[in-house]
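Asks: Below is the sequence, then the predicted model.
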Amino acid sequence: MYQNRIFAYSIQMKIAILDLYEGEPNEGMRGIIEIIERFRSEENLSLSYQIFDVRLKNEIADMSFDAYISSGGPGSPLTSEGSVWEQNYFGLMDAILKHNREHPQQPKPVFLICHSAQIFCRYYGLAKVTKRKSTSFGVMPMHKTKAGEHEPFLRGLSNPFYAIDSRDYQIIQPDLHKIQATGGSILCIEKERPLIPFERAVMALRFNTHIIGTQFHPEADSHGMHLYLLREDKKNMVIGRHGEKKYYQMLQMLNDPDKIKLTQHTVLPKFLRYAMKSHQPQMV
């Protein structure tokens, strides 16, 4: 007769949040923290996180963390090249890349959001990063590529799916040979604009097995974005670029559970779940 055997797992995770907002008020950090805390509660984990003010205070995480989330941020992803904070930042990224090559069974996953993905592409020569003709801001469709259709972090999202876009710069002309050589792929591109002769920007890409980046903001939540769009300056920006009809459509989409809310509950939570599985639990 077999007796039931119960196994308990003690999972302790440390996450580093690399804050690239340079002290500017933003919704991004609040969204990242909210997702981490919700994940900790739902999974009943012993999970801790630490925030590093990378640009304003030149703070940087060490290699003792199990996963890293690097935020969006203001300003140009081009003019900071060679700065002290970038030297610290890419010192960490180089160390993570080296660790992941040497310890594939115990990797340290990284998620890069918007500004972080842009400087990563620029620094490692994976794509061209340029200033847009105009700011892209609002609720936008993200079109999956063939690789994106099979991407675990995007599973459960439609094609196209919707996310918050807020950027003055763009990732274009990816070096597919370089990206594919390390196991990477392009996951999403922006909406096709047949009447505008510009290359479609890359909106999400897998850099390698353990590092993924998006130009959209997967941490953005419907409520915060709704308040943001109601600001007079943001309202005027969207209406000026997309028209009043599009503006009110965006407000309506924020209340749709299959759009921004679904993206917020899918992408980063799946990354955290992957990080949890990568961080092998200790049986007690």
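Replies: Done, it's in.
Asks: What are the buried residues along the lengthiest helix in the chain?
Replies: Criterion DSSP state H: the longest helix present in the chain is helix 84-102. Residues of helix 84-102 classed as buried: Trp85, Glu86, Asn88, Tyr89, Phe90, Leu92, Met93, Ile96, Leu97, Asn100 (neighbour count, 16 or more other C-beta atoms under 10 Å). (C-beta placed from N, C-alpha, C; glycine too.)
Asks: How about the contacts made by the fourth one?
Replies: Going back to what we said before, that points to Tyr89. Leu18, Val54, Ile60, Ile119 (C-beta atoms under 8 Å, 6 or more residues apart in numbering).
Asks: Just want to check the distance between the most centrally placed residue in the chain and Leu18.
Replies: The centroid of the chain falls nearest to Ile113 when counting by C-alpha atoms, centre = their mean (3.3 Å). Ile113 is 10 Å from Leu18, where distance means C-beta to C-beta, to the nearest Å.
Asks: Over to Gly224?
Replies: For Gly224, the distance to Leu18 - C-beta to C-beta - is 20 Å.
Asks: what does Glu219 give?
Replies: Glu219 is 13 Å from Leu18, by C-beta to C-beta.
Asks: For Pro174, give me its contacts.
Replies: Pro174 touches Cys121, Leu126, Ala127, Ile186, Val202, Leu205, counting by C-beta under 8 Å, 6+ apart.
Asks: which SS class is it?
Replies: coil (DSSP: H, G, I helix; E, B strand; the rest coil).
Asks: which residue sits closest to it, ignoring its sequence neighbours?
Replies: Counting by C-beta to C-beta, 6 or more residues apart in numbering, Pro174 lies nearest to Ala127, which is 4.1 Å off, once chain neighbours are set aside.
Asks: What is the burial count for that neighbour?
Replies: Ala127 has 24 neighbours, counted by other C-beta atoms under 10 Å.
Asks: isn't it right up against Val202?
Replies: Yes: counting by C-beta atoms under 8 Å, Val202 is a contact partner of Ala127 at 6.4 Å.
Asks: what touches both of the two?
Replies: Common neighbours of Ala127 and Val202 (C-beta under 8 Å, 6+ apart) are Ile171, Ile172, Pro174.
Asks: all strands of the stretch 51-200 of the chain, in order?
Replies: For the stretch 51-200 of the chain, applying DSSP state E, counting those that start in this stretch gives strands covering 67-70, 110-113, 128-144, 161-172, 185-189.
Asks: coming back round to it: list the contacts of the residue nearest to the centre of the chain.
Replies: When contacts are taken as C-beta under 8 Å, 6+ apart, Ile113 is in contact with Gly28, Ile32, Ile69, Ser70, Ser71, Gly72, Gly213, Thr214, His217, Pro218, Glu219.
Asks: Repeat that for Thr214.
Replies: Leu112, Ile113, Cys114, Ala117, Ala163, Cys188, Met203, Ala204, Val267.
Asks: how about the strands of the stretch 51-200 of the chain, which one is nearest Lys259?
Replies: strand 161-172 (4.1 Å; C-beta to C-beta).
Asks: Can I get the closest one in PDB? Just the C-alpha atoms.
Replies: Extracted C-alpha coordinates of strand 161-172, given in PDB (Å, rounded to 0.1, in the frame of the first residue of the first chain):
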ATOM      1  CA  PHE A 161      -2.400  42.300 -29.300                       C
ATOM      2  CA  TYR A 162      -2.600  45.700 -27.700                       C
ATOM      3  CA  ALA A 163       0.000  47.400 -25.400                       C
ATOM      4  CA  ILE A 164       1.000  50.900 -24.300                       C
ATOM      5  CA  ASP A 165       3.500  52.600 -26.500                       C
ATOM      6  CA  SER A 166       5.400  55.700 -25.300                       C
ATOM      7  CA  ARG A 167       8.600  56.500 -27.200                       C
ATOM      8  CA  ASP A 168      10.500  59.100 -29.200                       C
ATOM      9  CA  TYR A 169      13.000  56.600 -30.500                       C
ATOM     10  CA  GLN A 170      12.800  53.300 -32.300                       C
ATOM     11  CA  ILE A 171      14.600  50.100 -33.000                       C
ATOM     12  CA  ILE A 172      14.900  49.400 -36.700                       C
END
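Asks: Counting by contacts, list what that strand packs against.
Replies: helix 115-123, strand 128-144, strand 202-206, helix 260-264 (3 or more C-beta pairs under 8 Å, 6 or more residues apart in numbering; DSSP states H and E).
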